[in-house]
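Asks: A structural model of the following input is requested.
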Amino acid sequence: MRISSIIIAIIVCAGIAGFIFRNDLNASLNNPNNVTDEIVKTTPEINDENAQNLKAVSVLVQRSNEQEVTNGILLRGQTEAFKSVQVKAETSGSVISQPIRKGTFVKNGELLCELEVGTKSDVLAEAKEALALSIDELDASIHQYELRVQAAERQRSLLKRGVGTEAAVEAAELSASSAETQSLSKRQAVANVEARINRATTDLSNTKIIAPFDGLLESDTAEYGDFMQTGAPCGTLLALNPIKLIGYATETQVSKIEVGTTAGARLISGNNVSGTVSFISRSADPTTRTFLVETTVSNDGYEIREGSTADIYISLAGVKGHLLPQSSLTLNSAGKLGVRVAINNKAKFIPIKIIRDAEEGIWVTGLPNSAEVIVVGQEYVTDNSNIKVSYKVSE
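Replies: So this is what the prediction gives:
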């Protein structure tokens with residue numbers, strides 16, 4: 001029973017094996033070339049880094065030629081009156097003139113305030129009378145001195161002839177010396193009286209306070225009836241033509257500025273004015289360490305007011321440079337500022353220095369007279385990179 005089961009199992013296995021062998025044989029007969037699915041590579045491998053270097057990068061280039069650059073220094077400042085004076089009384093007295101209102105233009109020598117004369121004219125008259133008397137006394141003393149000198153000479157002559165005495169000569173000389181002393185005293189008296197006259201004359205003339213220069217009144221003059229002591233203000237006068245522009249330069253800036261240099265300014269009102277540098281301080285402000293720079297400009301129409309904000313531009317010696325868009329600037333691997341230029345379809349980095357900013361771009365120096373500056377794509381190339389150049393159309 002057990003042997004028959006084994007024989008049946010062997011027969012079944014042999015049948016299955018024969019069925020499989022027959023199917024494989026038929027498949028071999030239908031595919032005589034026996035082609036496999038493996039594809040043999042016939043092209044060599046290409047290094048990715050070398051392929052990238054061989055590929056040219058498209059860039060946009062701007063042709064730039066060197067040109068003169070108007071260079072200068074910009075200072076923040078303000079306007080200031082060329083002269084500003086508070087006109088004060090030099091004598092005392094009540095005001096007897098009507099006030100002049102602020103904003104009025106006055107001429108040099110024009111009356112601003114007039115004070116009552118009071119006793120000042122009497123003082124002057126008395127001094128003049130005293131001078132006349134002193135001069136008479138001086139003339140008399142001089143005449144007396146001359147007479148006594150002559151008497152002393154006669155006594156000396158008599159002594160030489162043997163008819164005079166030494167005592168008489170000494171007495172005559174002593175009298176002449178006394179007359180000379182009196183004469184000198186009278187001269188001093190005359191000088192004192194003349195000084196009194198000068199003071200009285202000045203005091204009398206000071207009752208009229210006049211404008212020391214052409215200008216505009218910044219305040220009303222003293223009111224009628226006011227009593228003014230010596231030193232009291234009559235009014236404030238401003239000289240606004242010409243007018244000054246004042247600004248402060250740093251230590252590096254001031255070394256480039258010279259007196260007489262052309263300067264211009266833009267006022268906060270939008271007006272542009274021009275003039276020349278008239279003063280440069282030799283001493284720095286102890287707090288800011290800056291130096292005062294004054295520019296004088298014309299103000300014929302008195303349109304510029306004192307204290308207005310001004311941007312002062314002082315011209316310097318011209319230099320040559322290139323005007324480029326600020327976006328063209330880049331840094332190399334060492335962190336230096338510069339631009340990349342196109343030379344024979346290769347990129348090259350050139351360091352530059354900035355001269356100044358402008359509305360159209362930025363002025364730089366350090367490039368050759370003519371250069372093809374990469375303005376777009378410079379960040380994607382390095383030195384000696386292959387580039388494909390397209391030129392920017394001039395606007």
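
Asks: Centre of the chain to stretch 340-350, how far?
Replies: Relative to its parent chain, stretch 340-350 has a centroid offset of 40 Å by CA atoms, centre = their mean, to the nearest Å.

Asks: how long is that stretch end to end?
Replies: Counting by CA to CA, to the nearest Å, you get 6 Å between the two ends of stretch 340-350.

Asks: Likewise for stretch 62-81?
Replies: 49 Å.

Asks: Name whatever forms a beta bridge with residue 349.
Replies: Here residue 349 sits in beta bridges with residue 340, going by DSSP bridges.

Asks: Report the contact partners of it.
Replies: Residues counted as contacts of residue 349 (CB atoms under 8 Å, 6 or more residues apart in numbering) are 330, 332, 338, 339, 340, 382, 383. In short, each C-beta sits where N, CA and C put it, glycine included.

Asks: one more time with 10 Å, if that's ok
Replies: 330-334, 336, 338-341, 374, 378, 381-383 (CB atoms under 10 Å, 6 or more residues apart in numbering).

Asks: quick one: which two of those residues are the most distant?
Replies: The largest separation in these, counting by CB to CB, is between 334 and 374 at 18.6 Å.

Asks: quick one, which of those two is more surrounded?
Replies: residue 374 (27 against 7; other CB atoms under 10 Å).

Asks: Please settle this for me: is that one part of a strand?
Replies: Yes: counting by DSSP: H, G, I helix; E, B strand; the rest coil, residue 374 is located in a strand.

Asks: Give me the below-cutoff pLDDT ranges for this structure.
Replies: 1-54, 394-395 (pLDDT under 70).

Asks: quick one: the helices in it?
Replies: 2-30, 48-54, 120-161, 166-205, 251-254 (DSSP state H).

Asks: Next, format those as TSV and append distance to residue 100.
Replies: What follows is the helices of the chain, written out as TSV (distance: least, CB to CB, whole Å):
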stretch	distance to residue 100
helix 2-30	129
helix 48-54	86
helix 120-161	23
helix 166-205	20
helix 251-254	42
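
Asks: Indicate which one of these is closest to residue 296.
Replies: helix 251-254 (17.6 Å).

Asks: And the closest one, how far out from the chain middle?
Replies: So, by CA atoms, centre = their mean, the centroid of helix 251-254 is 10 Å from its chain's centroid.

Asks: How about stretch 82-98?
Replies: Worked out by CA atoms, centre = their mean, stretch 82-98 lies 35 Å from the chain centre.

Asks: As CSV, could you dump the C-alpha coordinates of it?
Replies: Output in CSV follows, covering the C-alpha atoms of stretch 82-98 (Å, rounded to 0.1, in the frame of the first residue of the first chain):
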residue,chain,number,x,y,z
PHE,A,82,26.2,139.6,6.8
LYS,A,83,26.0,142.1,9.7
SER,A,84,23.7,142.2,12.7
VAL,A,85,23.8,145.1,15.1
GLN,A,86,21.7,146.2,18.0
VAL,A,87,22.0,150.0,17.8
LYS,A,88,22.3,151.4,21.3
ALA,A,89,22.2,154.9,22.9
GLU,A,90,25.6,156.4,23.8
THR,A,91,24.0,159.1,25.9
SER,A,92,20.9,159.4,28.1
GLY,A,93,17.7,161.3,27.4
SER,A,94,14.0,161.1,26.4
VAL,A,95,13.1,159.9,22.9
ILE,A,96,11.6,162.7,20.9
SER,A,97,11.3,160.9,17.5
GLN,A,98,8.5,158.7,16.2
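
Asks: how about that stretch: buried residues?
Replies: 82, 85, 87, 89, 90, 91, 92, 93, 95, 97 (16 or more other CB atoms under 10 Å).

Asks: Tabulate these (JSON lines), appending distance to residue 71.
Replies: Below are these laid out as JSON lines (distance: CB to CB, whole Å):
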{"residue": "82", "distance to residue 71": "28"}
{"residue": "85", "distance to residue 71": "39"}
{"residue": "87", "distance to residue 71": "44"}
{"residue": "89", "distance to residue 71": "52"}
{"residue": "90", "distance to residue 71": "51"}
{"residue": "91", "distance to residue 71": "56"}
{"residue": "92", "distance to residue 71": "58"}
{"residue": "93", "distance to residue 71": "59"}
{"residue": "95", "distance to residue 71": "56"}
{"residue": "97", "distance to residue 71": "55"}
